[in-house]
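Visitor: Give the three-dimensional model of this entry:
(chains A, B, C and D)
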4 protein chains.
Amino acid sequence: MTKTTHALIEQYRQCRENSEALVANLSAEDCQIQAMADVSPMKWHLAHTSWFFETFLLAPKKIISAPLHPDFKVLFNSYYQGIGEQFSRPQRGVLSRPSLRQVMDYRHWVDNHVVAALEHDSDECAEWVNLGIAHEQQHQELMRMDMLYNFSVNPLFPTLDEHLVCPSNEQPRQWLDFANADAQIGAQTGFSFDNERPRHRVYINEFSIASHLVTNADYLSFIDADGYQRSEFWHSDGFSWLQRQQIKAPLYWRYQNNNWYEFTPQGLIPLAMNAPVRHLSFYEASAFAQFKGARLPSEFEWEWAMEQAQAGHCDIAQIDDCAWQWTLSSYQPYPGFRPFAGDAGEYNGKFMVNQQVLRGGSYFTPKQHTRLTYRNFFYPHQRWMCSGIRLAKDRIYE
Amino acid sequence: MTKTTHALIEQYRQCRENSEALVANLSAEDCQIQAMADVSPMKWHLAHTSWFFETFLLAPKKIISAPLHPDFKVLFNSYYQGIGEQFSRPQRGVLSRPSLRQVMDYRHWVDNHVVAALEHDSDECAEWVNLGIAHEQQHQELMRMDMLYNFSVNPLFPTLDEHLVCPSNEQPRQWLDFANADAQIGAQTGFSFDNERPRHRVYINEFSIASHLVTNADYLSFIDADGYQRSEFWHSDGFSWLQRQQIKAPLYWRYQNNNWYEFTPQGLIPLAMNAPVRHLSFYEASAFAQFKGARLPSEFEWEWAMEQAQAGHCDIAQIDDCAWQWTLSSYQPYPGFRPFAGDAGEYNGKFMVNQQVLRGGSYFTPKQHTRLTYRNFFYPHQRWMCSGIRLAKDRIYE
Amino acid sequence: MTKTTHALIEQYRQCRENSEALVANLSAEDCQIQAMADVSPMKWHLAHTSWFFETFLLAPKKIISAPLHPDFKVLFNSYYQGIGEQFSRPQRGVLSRPSLRQVMDYRHWVDNHVVAALEHDSDECAEWVNLGIAHEQQHQELMRMDMLYNFSVNPLFPTLDEHLVCPSNEQPRQWLDFANADAQIGAQTGFSFDNERPRHRVYINEFSIASHLVTNADYLSFIDADGYQRSEFWHSDGFSWLQRQQIKAPLYWRYQNNNWYEFTPQGLIPLAMNAPVRHLSFYEASAFAQFKGARLPSEFEWEWAMEQAQAGHCDIAQIDDCAWQWTLSSYQPYPGFRPFAGDAGEYNGKFMVNQQVLRGGSYFTPKQHTRLTYRNFFYPHQRWMCSGIRLAKDRIYE
Amino acid sequence: MTKTTHALIEQYRQCRENSEALVANLSAEDCQIQAMADVSPMKWHLAHTSWFFETFLLAPKKIISAPLHPDFKVLFNSYYQGIGEQFSRPQRGVLSRPSLRQVMDYRHWVDNHVVAALEHDSDECAEWVNLGIAHEQQHQELMRMDMLYNFSVNPLFPTLDEHLVCPSNEQPRQWLDFANADAQIGAQTGFSFDNERPRHRVYINEFSIASHLVTNADYLSFIDADGYQRSEFWHSDGFSWLQRQQIKAPLYWRYQNNNWYEFTPQGLIPLAMNAPVRHLSFYEASAFAQFKGARLPSEFEWEWAMEQAQAGHCDIAQIDDCAWQWTLSSYQPYPGFRPFAGDAGEYNGKFMVNQQVLRGGSYFTPKQHTRLTYRNFFYPHQRWMCSGIRLAKDRIYE
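Guide: Numbers count the residues shown, from 1 in each chain, chains lettered A, B, ... in the order given. Predicted coordinates:
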């Protein structure tokens, strides 16, 4: 066994353990619940990430001769039409069987086969194991997002993880200016998703971007200025949305006894004024930017600026450890986009409409999982992911 | 302690144990789920039935000085506006906390107080303990209905209770004729709900009623005659309902490999042809009756006929041990209706619109819980309760 | 031609002219609109009432050899599945073609044939002409109801008919007491709808009923006592309905500049305090009755009381010339009910679920159209018909 | 009066006459109807385009001292929150008052004031008159779109305009190749909307674009290949949409008696095989492109290619006289975007989310109204505008 193989096995094992560590303090009942259609039960995540290895690696490579349980093919298929039928997404929380215990057994059955396969022929498997690890890391972030939401509707406000705290801003926010540029955008070497490729040329007009994220204190000033009542800051769709849903603050803010609180992994705590504002929609992010006479960055501006920062040309903070940053770019294929081969081609491509790109990473994101070329995406109204705001400004005029 | 008190304590203990026996073979995950808004998790039922004793007996009589947990007042209030706010009904399945274990502790805390109170002053408490027992028996039937539904959406078709089987018809169905009658309708002695009172006079025109319930075989002939496509049998609202919901058979029938199966407490089994048809809506019951040139009985005809049978004047089967029987009577107050005193007045009265009365009882109903005067009620489209059909016919003509 | 035939032709002509008189002051644009799915455009009513004579008289009796326009069979079929397909109800207001002019031509084509048929063989046709006249009278009331609603959403508040004014109460409301009675209920002689038959025996327990309808002033006291916020007066479904729809007053009440106004056929006018309250739902009528410690009458109590009044045994006002009176009876078939023959059997029977009976008549009802046995019916939430409240009370006690 | 002023007055008059010509063959009833929330009645368009001149020119410049009718401010405000309240959009078709005649009088009152103002001080008014003309031209296209939709739900299939026919493809479709380019995108001189500015630099990677639009025959081959059942061609949102809405063909296609027909301004006619496919959603356009192994062009590729064609460097047909062409670009502000001044700033900017850009023009578009820089936009599911497909392809590879 080569050193690389050994490292990959180790990486695989670590990743799998990390998922299980996320439920270490949760009961089987906790792992069962699904508080809205967008989230999935912890148990389902644990099973689906195993299903992914079974479906895209073990089965096609004939590493297994039969599935552990034939029903799992449907039960834990998320959205792959090419694989076949899927169990109804909003009803995932109703599957009390298989039990959490049975799902853990399924995980370990998959683990044994994956490790054996890597030991036997690493070359054959490495690409899919890498994709499976990246996939499971995405679900680790989803597990935090989903469980926080699940707990948020419980008036007992359970603690998810008392050690999981979003870093606060340590410096005041400043504008950083960028000149016109012929940029190269997208991933070139190392692991990346299909949607980050190919690396290609993009012309970027001069712009400014903020050194730090918008804080809770900043955002509170928007609320206090009646920001949610003043249509001039809002997209038409956004204003309709907030009126229909009676939105008055970010998702987890609660106003009680004349004070603002926030539901966080630590439970319900007083609003941390210097922490980045989190869990808001694209509509809210845009409206706040309008209120400040600014705008959101495009995903190209964002990537270009962060590359400059990484190269030491400027000082930008909170890139990927606080909150995903909404961009004004809609989620589209790059010129020359090629989906993953086979049924995995549904991974990203079929979602390239109606969604906005977010860049960076959050304090929910596994450390090994972030890249400057990474393209996260959500619908403009969604808020349960850890989303935040980095402002930008035009420097080009007519 | 009097003999009566002793008996009441015994009855209370038995009732409470019966509820817990219903979840003996279920996991904490099973007790967590809620597959639609109409059903509640097993855990919630176990808690709510305890809340009922706490709220209507222990607290007002000052048997306890403080609640075990202040949040439970809201979490386990079903629909009593007079008591205060209620946790959102469709989200009951999301409450992973309190845990099943904590709910069991809550039950036993309540039990200790109720028994102590009865031992101390039975006269003071008996009325409310009797109501609480009747209430908990209703929930025991709901627990079977709800859990059957919860399991029905799981493709693994779990077994709820292999010993719970609906009795089949032992004789062919016959018409029994009744002459015009001045009947007394409603409850007089013994325990009854407020909606069964007062006993009052009703004139009943001559009619005929069936000796047995409609069987699955009977109902299959309706399906085979395109009954679900032929509007002439249906109420206008019923036909819209079946088109909108794409209803083609009773709730738990499944057509697979050219055969009909039914999901029952035993799991998915071949349709039992001689068993009473169950789990259908008022619309379906009415349409089947039209198809047979018959109609449903009024609740007064039903009660009158069953009293005659009980008095030995005629032979009627399957009165309360197979399926609740839809009547064409809408759920209304009897002349002189008086709700229970205080906040318990919301128990029945506020539901007296838009619902139809069902009479009898089902194989899900606790044995001690049925009465000929009992008025069950559901919306015309609902099907998850164990509902069936007893036919009736007019004998009066213009 | 016999005298009876002559009279029937005259009655037919008068009825048809009355419908056209209702649109005499309306433009073709006015006759086109449909402000919600429950109402129909004036043009559609004018066409459908003609279609009724064509479909149930002219065509089956072969008085015509072909339809004037084959598309009309579908376009103007209201809900007769036996006749065939129906044009989508909520889209009736989109049919700008045929024009009002073409619909008037259709009416006159039908008139010529009906009159010729009566002249030729009155015996053959009289029954269906009588039904068609009763049907058209129902639509005359609908035309007033629908056009009032259509105009109510227009901020210009157009005047529908300045001479159409609801009579006010001339005397204070009093309770009239009735003893236990063996009543005969339902129609016996003269024209009646199938749902009023057969006349049959009903036992009525002693009760009291109000001499007059509830006034706007009475109802205002309910609003001023926070009646719409206090759940204790409401059915559970009713309280959900008012919260969901944000209902705070009867349909046509408007609060402006610290005063209550009402939209009436005369336009928006100050609320007439002594006029009967009108245009409210069953839920509101029931809640008001609860607020007053009373209830609504059953339809049998109502009919029995009005027969006594008509026979001079007591003094009851506002029977059929102000507002239809909600009863607590749901709309069900009388024992021995037989629908009209043929496709006209859909006229009433298929609506006998989910609706409540209203009795009496309103100031929108054609004078010749009311009967003490008449059973009007609407869903509990509907309000655009001219509905009001007559209170009743129990005199029976446990 | 200068020659320029004279020309502008002439242009204004011509534009206003063109709008009225669109209803010359329609009745007042036709001008009243609104078959879905997305469309508006003809009468409303005629009024709103006048309201636009009154609101943005006559009132702020104090050319009038008072409105003709104060209610019109609300009734004919489309979506300008800065101006104030708007009458409910889905209920525009219910406003039978003001009448078509009164709306025409309103138009002429506005016309008199605009012309007088231009004669008096053209410099002051020209900018707003030009915007008002461009605005009214947009509504002229909307009037055709909306009325075609209104007529499409009428089973009589009325003819809208027998002379309005979409040109067919005269040549077969070919691929035209474009190299990498530094393009200038956006409007520079002459009238343009704010969303077309500022002209700015965009780098375009090499690509190919089709010389002609996709025809009905092309699209039929997609349907015949089960295109609407095969998820692999569709965006996830698109496939959900077609299943939910049961979409099986473009909006106006009808399958009758084994043949395809299309509802067009001429009525229901056999499908014209060589005509461009029209009235389809972005989802359908994308799926068809996938089916052909191609994609949609970006709006920058489209503009760049058409500029080359206009400069004579290549031969591209059907640019703006057949159907608007879906692009894969979502509707976003250009870098440096500045909305119109004042309340007119709501004209475009607040819609820059959730929508896709279409380029070109259609056979419904007024001739003077098209520009290569013009950005039309609709939601991905919308189909009632005259939308079509121009294919593109990547030439860049990893």
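
Visitor: Can you tell me the closest non-neighbouring residue to the residue of the stretch 201-350 of chain A found nearest chain B?
Guide: Distance from chain B to each residue of the stretch 201-350 of chain A (CB to the nearest CB) is smallest for A:Gly267, at 11.9 Å. Glycine gets a C-beta too; all of them are placed from N, C-alpha and C. Distances taken as CB to CB, 6 or more residues apart in numbering or on different chains put A:Thr159 closest to A:Gly267, at 4.6 Å, once the chain neighbours are dropped.

Visitor: Could you check the pLDDT of the one you found?
Guide: pLDDT for A:Thr159: 98.

Visitor: Might you report the residue contacts of it?
Guide: Applying CB atoms under 8 Å, 6 or more residues apart in numbering or on different chains to A:Thr159 gives the contacts A:Pro265, A:Gln266, A:Gly267.

Visitor: what's the nearest residue to the second one if we skip its chain neighbours?
Guide: Spelled out, that is A:Gln266. A:Glu162 (5.2 Å).

Visitor: so how many other residues sit close to the residue lying closest to A:Glu85 once chain neighbours are set aside?
Guide: The spatially closest residue to A:Glu85, leaving aside those adjacent along the chain, is A:Val74, at 5.1 Å (CB to CB, 6+ apart). Residues lying near A:Val74 (other CB atoms under 10 Å in any protein chain shown) number 13.

Visitor: Equivalent analysis for A:Pro67, please.
Guide: 16.

Visitor: same deal with A:Ser286?
Guide: A:Ser286: 23 neighbours (other CB under 10 Å).

Visitor: Same check on the one 4 residues further on?
Guide: The number of residues packed around A:Gln290, counting by other CB under 10 Å, is 20.

Visitor: Secondary structure class of the closest residue to A:Trp128 other than its chain neighbours, three-state.
Guide: Distances taken as CB to CB, 6+ apart place A:Leu57 nearest to A:Trp128, at 4.3 Å, with adjacent residues excluded. Three-state call for A:Leu57 (DSSP: H, G, I helix; E, B strand; the rest coil): helix.

Visitor: for A:Ile9, same thing?
Guide: Counting by three-state DSSP, the backbone at A:Ile9 sits in helix.

Visitor: A:His48 versus that one, what's the distance?
Guide: Using CB to CB, to the nearest Å, one obtains 22 Å as the distance from A:Ile9 to A:His48.

Visitor: Could you count how many residues lie near the residue of the stretch 101-250 of chain A found nearest chain C?
Guide: Proximity of the stretch 101-250 of chain A to chain C (CB to the nearest CB) peaks at A:Gln246, 12.3 Å away. A:Gln246 sits with 7 neighbouring residues when counted by other CB under 10 Å.

Visitor: does A:Gln318 belong to a helix or a strand, and which?
Guide: A:Gln318 is part of no helix or strand when elements are defined by DSSP states H and E.

Visitor: Can you name the residues that contact it?
Guide: Residues in contact with A:Gln318 (CB under 8 Å, 6+ apart) are A:Pro167, A:Asn169, A:His212, A:Leu213, A:Pro276, A:Gly360, A:Arg390.

Visitor: Repeat the analysis, applying 7 Å as the threshold.
Guide: A:Gln318 makes contact with A:His212, A:Leu213, A:Pro276, according to CB atoms under 7 Å, 6 or more residues apart in numbering or on different chains.

Visitor: could those residues go into CSV alongside distance to chain C and neighbour count?
Guide: Converted to CSV, these look like this (distance: CB to the nearest CB, whole Å; neighbours: other CB atoms under 10 Å in any protein chain shown):
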residue, distance to chain C, neighbour count
A:His212, 43, 19
A:Leu213, 39, 25
A:Pro276, 37, 27
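
Visitor: Pick the one among those residues closest to D:Trp384.
Guide: Closest approach to D:Trp384 among the contacts of A:Gln318 (CB to CB): A:Leu213, at 41.9 Å.

Visitor: what about A:Gln34, distance to C:Lys350?
Guide: From A:Gln34 over to C:Lys350 the distance is 40 Å, taken as CB to CB.

Visitor: Looking at the two, which one has more neighbours?
Guide: For A:Gln34 and C:Lys350, the more surrounded residue by other CB under 10 Å is A:Gln34, and the numbers stand at 25 against 22.

Visitor: can you tell me the residue of the stretch 1-150 of chain A closest to chain D?
Guide: For the stretch 1-150 of chain A, CB to the nearest CB, closest residue to chain D: A:Gln81, 4.0 Å.
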